[in-house]
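[1] just the structure for this:
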Amino acid sequence: MAPEAKQKIRTEGLEDTMSRGGLIARTVQKLVDGAEALNLRYSAAGNPAVYDNADFPWAGEVEAEWQTIRAELDKVLVRKGDLPAFHEISSEVRSISSDRNWKTFFLCGYGIKSDAAIAQCPETWRILQKIPGLKSAMFSIFEPGKHLPPHRGPYNGVLRFHLGLIVPDQPDKIGIRVDDQTCHWQEGRALIFDDAYEHEAWNHSDSVRVVLFVDFEKPLKFPASLTNRAVLNMAVFTPFVQEGYKAHKAWEKMFYGAGQKHR
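    I've put the predicted structure just below:
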């Protein structure tokens, strides 16, 4: 076969592959858009930007054990300088944060667990099991001066839970805006909000701020509860989660040494 013919076949094959890939992406996006519409329609607790903690009885149970979580956090922070910046683990974050002033300590995320982190914080992991539909959990560390610009989460099928663990008593310098509401973290207190609304957060104090950062399934009525769970279960197969898994696994090898595992 002539080289020109071979090249034509390769080119057509690439175009066909790209076309199929584009079709799949459009189909998935259409399914996600449909799921989001259902989530709004069948929400079990409405669709506010910021929720009343009373809507989630387990929140009080987690708050009651916050000092236990704080004790394990303090041990993690002994090596705070070695913790990864969030954008080093999650490429999606790079559009809103590219410095080392937002650090993370990852426990689990969308089907992937860090055995090493869980072993280091076993009580925190036990307490996290109180949260129905737990999807991801980590310590979120804002260094002094950190400000996340306005942004939105990619999907409205989860809600976000913050538990204040280290919060300098400077509410005029530390806070989070969700839609048109400005909130302030408090140590030992939960904040539950919908990150699909525009939000921004800041620590303009001269001290570190740390929260336990959790995503959990939004409480939904049938049939949205089923479609939402299906969408969330697919997340582990997305490039976003897979790239984050590889980046975190590489970081763990440096932090803990070889032999640590995810599962």
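[2] show me the contact partners of stretch 140-150.
    Under the criterion CB atoms under 8 Å, 6 or more residues apart in numbering, residues 77, 80, 83, 86, 96-97, 99-105, 162, 177, 198-213 lie in contact with stretch 140-150. C-beta coordinates here come from the backbone N, C-alpha and C atoms, glycine included.
[3] tell me the buried residues in that stretch?
    For stretch 140-150, the buried set under the neighbour-count rule, 16 or more other CB atoms under 10 Å, comprises 140-143, 146, 148.
[4] output those as TSV; include the columns distance to residue 63, pLDDT and secondary structure.
    Listed next are these as TSV, based on distance: CB to CB, whole Å; pLDDT from 0 to 100; DSSP: H, G, I helix; E, B strand; the rest coil:
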residue	distance to residue 63	pLDDT	secondary structure
140	17	98	strand
141	20	98	strand
142	20	98	strand
143	25	98	coil
146	24	98	coil
148	24	98	strand
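[5] and those residues, which is closest to residue 170?
    residue 142 (12.5 Å; CB to CB).
[6] can you tell me how far the closest one sits from residue 123?
    Per CB to CB, to the nearest Å, residue 142 is found 23 Å from residue 123.
[7] one more: residue 189?
    19 Å.
[8] who has more neighbours, those two?
    residue 189 (15 against 12; other CB atoms under 10 Å).
[9] thought residue 215 was touching residue 162?
    No. Using CB atoms under 8 Å, residue 215 is not in contact with residue 162; the gap is 10.7 Å.
[10] got a list of what residue 205 touches?
    144, 168, 170, 173-174.
[11] just checking, what packs against the helix or strand residue 249 falls within?
    If you go by DSSP states H and E, residue 249 is part of helix 239-256. Here helix 239-256 touches helix 86-89, strand 102-109, helix 115-120, going by 3 or more CB pairs under 8 Å, 6 or more residues apart in numbering; DSSP states H and E.
[12] and it, which residues are buried?
    241, 244-245, 247-248, 251-252, 255.
[13] bridge partners for residue 177, pull those for me.
    Assessed by DSSP bridges, residue 177 has beta-bridge partners residue 182, residue 200.
[14] what score does it have for pLDDT?
    Note for residue 177: predicted pLDDT of 98.
[15] same question for residue 32.
    pLDDT at residue 32 comes out at 88.
[16] which SSE is it in?
    Secondary structure assigned from DSSP H and E places residue 32 in helix 3-41.
[17] just the CA atoms of the helix or strand following that helix, as PDB, please.
    Next helix or strand after helix 3-41 toward the C-terminus (DSSP H and E): helix 57-64. Provided in PDB are the C-alpha atoms of helix 57-64 (Å, rounded to 0.1, in the frame of the first residue of the first chain):
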ATOM      1  CA  PRO A  57     -29.100  15.300  62.500                       C
ATOM      2  CA  TRP A  58     -25.800  13.600  62.000                       C
ATOM      3  CA  ALA A  59     -24.100  17.000  61.800                       C
ATOM      4  CA  GLY A  60     -24.500  17.400  65.600                       C
ATOM      5  CA  GLU A  61     -23.000  14.000  66.200                       C
ATOM      6  CA  VAL A  62     -19.900  15.000  64.200                       C
ATOM      7  CA  GLU A  63     -19.700  18.300  66.000                       C
ATOM      8  CA  ALA A  64     -19.700  16.600  69.300                       C
END
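[18] ok, residues contacting helix 57-64?
    Contacts of helix 57-64 (CB under 8 Å, 6+ apart): 53, 127-128, 130-132, 161, 163, 188-190, 192.
[19] tell me, how many residues neighbour the residue nearest to residue 117 when sequence neighbours are not counted?
    The shortest distance from residue 117 to any non-neighbouring residue, by CB to CB, 6 or more residues apart in numbering, is to residue 107 (5.0 Å). Residue 107 sits with 23 neighbouring residues when counted by other CB under 10 Å.
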